[in-house]
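# sequence below, structure please.
(4 chains)
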Number of protein chains: 2
Amino acid sequence: MNVETITRPSLHVELLDRLRSLIVEGELPPGTKIPERSLCERYGVSRTPMREALKVLAVDGLVYLEPNRGAWVSKVTVEELEQVFPVMGALEGLSGELACERITDEEIAEIRKIHEAMVKHYKGRDLVRYFETNQAIHEAILAAADNQELSTMYRSLAARVRRARYMANMTDERWEQAVREHEDILEALEARQGLKLAKILREHLKSKFKTVRDWLEVQEPDSLN
Amino acid sequence: MNVETITRPSLHVELLDRLRSLIVEGELPPGTKIPERSLCERYGVSRTPMREALKVLAVDGLVYLEPNRGAWVSKVTVEELEQVFPVMGALEGLSGELACERITDEEIAEIRKIHEAMVKHYKGRDLVRYFETNQAIHEAILAAADNQELSTMYRSLAARVRRARYMANMTDERWEQAVREHEDILEALEARQGLKLAKILREHLKSKFKTVRDWLEVQEPDSLN
DNA sequence: ATATTTAATTTTGAATTCATAATTACGTCA
DNA sequence: TGACGTAATTATGAATTCAAAATTAAATAT
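Residues are numbered from 1 along each chain as shown, chains lettered A, B, ... in the order given. Got it, this is the predicted structure:
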């Protein structure tokens, strides 16, 4: 009897991952037209699995489909993020609460380490590494919450937010504030104060939204769609 | 110039809606194998759009895909709902909070009406209509919250929960408690006490989960997948 | 030159086809 | 009878094909 069955993922799943990165990492910027044929050639697949992947990404909110007209990388608008951020706040708050209930001392120590690294990158003004470690902290809290449904939903929203390259817009003042908030996050986590952590995380997201909004209002003066 | 352009939705969207109903309404019960061919014949479409729809439903969590083996209506497990309910709680709590900020007196009056109807169905022990009006209240609060992202996510989870036909399992005691909780919901809403409403809604979901869990533990003694 | 039709081209939507994996049916042998 | 192996059948994954819609290019008129 075979226990260790090998299940090669189907093409559309593979494409899903790759397209998602392309979009989230900004290689395909918001508003870009996605012509099926050229993307298919790029990955050497036929249109069938490509179209399947695009349909999933459309439900995910990363792609915008117009019947008979094709697919675009969906834009990141202030109006959209105004709605996304409160939802993310609720989810990340829950993430903090659940994490405090379940997290082990070892996991906390691990997060503390990432936190210290993040502070180091802040002091060295290394924006890219700061962003990476920052994200790693939120991911670690999410992991500690140990809720797959929560993770999936949170990541889906986080991906959409990440496309706004707002980091470049962070003033020194806001950056400092973000780090301060992260100190509070660690503190609440180490004390396992779930409700407090939830509240801090929600507040943290609110100030993040301010940064993103300012950035978007510069980038996207008007424009429809 | 044509302003009123007609955009016929593509087949896969049409199928998406129909399949979703089939699954949520229980016509295709959890665990059912979904043979592509027969479903295609049922709707008179080819496999291409059907497969596109199935892939989307799989991301939604209503369908389970196994590579090279096909699609099944995903099962409703206690383990899954244990994760879904807290997330729903966070979302519905936010829904209550936002609703309290935005809701008009007229909208409140409308919800009060549905509430009265619900109480009437409770007294008449009309389970089906009770369930309908109950759901309508939560939908109305969600609508008042006026957040599309929130609505989408909430509905996706609610659909998965609805598939557990737990209502049949409601004891008189629990039913009474649910109605009592709904009285509190109305009260907090009319007083526009957002945080309180959020808390009540979360609690409300917790007791709902108890009912669902009891039902599932009878229905699904063990079983994998 | 600009606007407006009309034709050609391209792109998309969906059915069909083909290859491959999985399942079922059958036959053999202990 | 039942376990095992092999062939036949069926179902799925993905490429291809075909029809229809949209876009672009060309032609005509103003």
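# mind giving me the packing neighbours of the one helix or strand residue A:88 maps to?
Using DSSP states H and E, residue A:88 sits within helix A:78-102. Judged by 3 or more CB pairs under 8 Å, 6 or more residues apart in numbering or on different chains; DSSP states H and E, helix A:78-102 is in contact with helix A:127-145, helix A:148-162, helix A:172-190, helix A:194-219, helix B:78-102, helix B:148-162. In short, each C-beta sits where N, CA and C put it, glycine included.
# and the angle from that helix to helix A:148-162?
Counting by axes from the mean of the first three to the mean of the last three CA atoms, to 10 degrees, helix A:78-102 lies at 140 degrees to helix A:148-162.
# what mean pLDDT does helix A:78-102 get?
In this model, helix A:78-102 has a mean pLDDT of 98.
# repeat that for stretch A:18-27.
The pLDDT scores in stretch A:18-27 average 96.
# same thing with stretch A:131-147?
For stretch A:131-147, mean pLDDT rounds to 98.
# do the same with stretch A:61-73
The average pLDDT within stretch A:61-73 is 97.
# show me how chain A divides into domains.
Listed by automatic domain parsing, the domain ranges of chain A are A:11-73, A:78-219.
# do you know which of the ones you listed lies nearest residue B:189?
The minimum distance between residue B:189 and the domains of chain A falls on domain A:78-219, with 18.2 Å, by CB to CB.
# coming back round to it: and the helices and strands packed on helix A:78-102: which comes nearest residue B:22?
Nearest of those (CB to CB): helix B:148-162, 11.8 Å.
# how about that closest one and chain A, any contact?
Yes. Interface with chain A: helix B:148-162 contributes B:148, B:149, B:150, B:153, B:157 (CB under 8 Å from any CB of the partner chain).
# could you report the separation of the residue nearest the centre of chain A from DNA strand D?
Centroid-nearest residue in chain A: residue A:158, 2.5 Å away (criterion: CA atoms, centre = their mean). For residue A:158, the distance to DNA strand D (CB to the nearest atom of the strand, to the nearest Å) stands at 27 Å.
# what does residue A:28 give?
The gap separating residue A:28 from DNA strand D is 18 Å, by CB to the nearest atom of the strand.
# and for residue A:157?
Taken as CB to the nearest atom of the strand, the span from residue A:157 to DNA strand D is 28 Å.
# thought that residue was touching residue A:91?
Yes. If you go by CB atoms under 8 Å, residue A:157 and residue A:91 touch, sitting 7.0 Å apart.
# neighbour count for the two, which is higher?
residue A:91 (30 against 21; other CB atoms under 10 Å in any protein chain shown).
# pLDDT wise, what is the residue lying closest to that one once chain neighbours are set aside at?
Nearest non-adjacent residue to residue A:91, counting by CB to CB, 6 or more residues apart in numbering or on different chains: residue A:154, 4.7 Å away. At residue A:154, the predicted lDDT confidence score is 98.
# residue contacts, residue A:154?
Contacts for residue A:154 (CB atoms under 8 Å, 6 or more residues apart in numbering or on different chains) come out as A:88, A:91, A:92, A:95, A:142.
# just the closest of those residues to residue A:181, please.
For the contacts of residue A:154, the residue nearest residue A:181 by CB to CB is residue A:92; the value is 12.3 Å.
# next up, the contacts around the residue lying closest to that closest one once chain neighbours are set aside.
In space, residue A:92 comes closest to residue A:201 once its chain neighbours are excluded; the distance is 4.6 Å by CB to CB, 6+ apart. Taking CB under 8 Å, 6+ apart, we find residue A:201 in contact with A:89, A:92, A:93, A:95, A:96, A:185.
# measure residue A:201 to residue B:142 for me?
Separation of residue A:201 from residue B:142 (CB to CB, to the nearest Å) stands at 23 Å.
# cool, residue A:164 as well?
Remark: distance between residue A:164 and residue B:142 (CB to CB) = 26 Å.
# could you tell me how many residues sit around the residue in chain A that DNA strand D sits nearest to?
Residue of chain A nearest DNA strand D, by CB to the nearest atom of the strand: residue A:46 (2.8 Å). Close neighbours of residue A:46, defined as other CB under 10 Å, add up to 11.
# would you list the phi and psi of it?
Here is the backbone geometry of residue A:46 (degrees, to the nearest 10): phi -80, psi 180.
# for chain A, what lies in contact range of chain B?
Neighbours of chain B within chain A, by CB under 8 Å from any CB: A:7-10, A:12, A:48, A:51-52, A:55-56, A:59-60, A:66-68, A:80, A:83-84, A:86-87, A:89-91, A:93-94, A:98, A:147-150, A:153, A:157.
# at 7 Å what do you get?
For chain A, the residues in contact with chain B (CB under 7 Å from any CB of the partner chain) are A:7-10, A:12, A:48, A:51-52, A:55-56, A:59, A:67, A:83-84, A:86-87, A:90-91, A:93-94, A:98, A:147-150, A:153.
# restrict the residues you listed to those near DNA strand C?
A:48, A:51, A:67 (CB under 7 Å from any atom of the strand).
# which of the contacts of residue A:201 lies closest to residue B:121?
Comparing the contacts of residue A:201 against residue B:121 with CB to CB places residue A:93 closest, at 34.6 Å.
# and chain A, which residues reach DNA strand C?
Checking chain A against DNA strand C by CB under 7 Å from any atom of the strand, the hits are A:34-37, A:47-48, A:51, A:65, A:67-71.
# about what we covered before: out of the contacts of residue A:154, which is most surrounded?
residue A:91 (30 neighbours).
# in chain A, which residue sits closest to DNA strand C?
In chain A, the residue found nearest to DNA strand C is residue A:70; the distance is 3.0 Å by CB to the nearest atom of the strand.
# what sits against that residue?
Counting by CB atoms under 7 Å, 6 or more residues apart in numbering or on different chains, residue A:70 makes contact with A:33, A:34, A:35.
# just give me the closest of those residues to residue A:108.
The nearest member of the contacts of residue A:70 to residue A:108, counting by CB to CB, is residue A:34 at 42.6 Å.
# could you give the number of residues near that closest one?
Neighbours of residue A:34 under the rule other CB under 10 Å: 20.
# could I get the phi/psi values of it?
phi -110, psi 100.
# thought residue A:72 was touching residue A:33?
Yes. Under the criterion of CB atoms under 7 Å, residue A:72 makes contact with residue A:33 at 5.5 Å.
# neighbour count winner among these two?
Using other CB under 10 Å, the more surrounded residue of residue A:72 and residue A:33 is residue A:72, with 18 against 11.
# tell me, how many residues neighbour the closest residue to the more buried one other than its chain neighbours?
In this structure, residue A:72 finds its nearest non-sequential neighbour in residue A:64, 4.8 Å apart by CB to CB, 6+ apart. A count of nearby residues for residue A:64, using other CB under 10 Å, gives 17.
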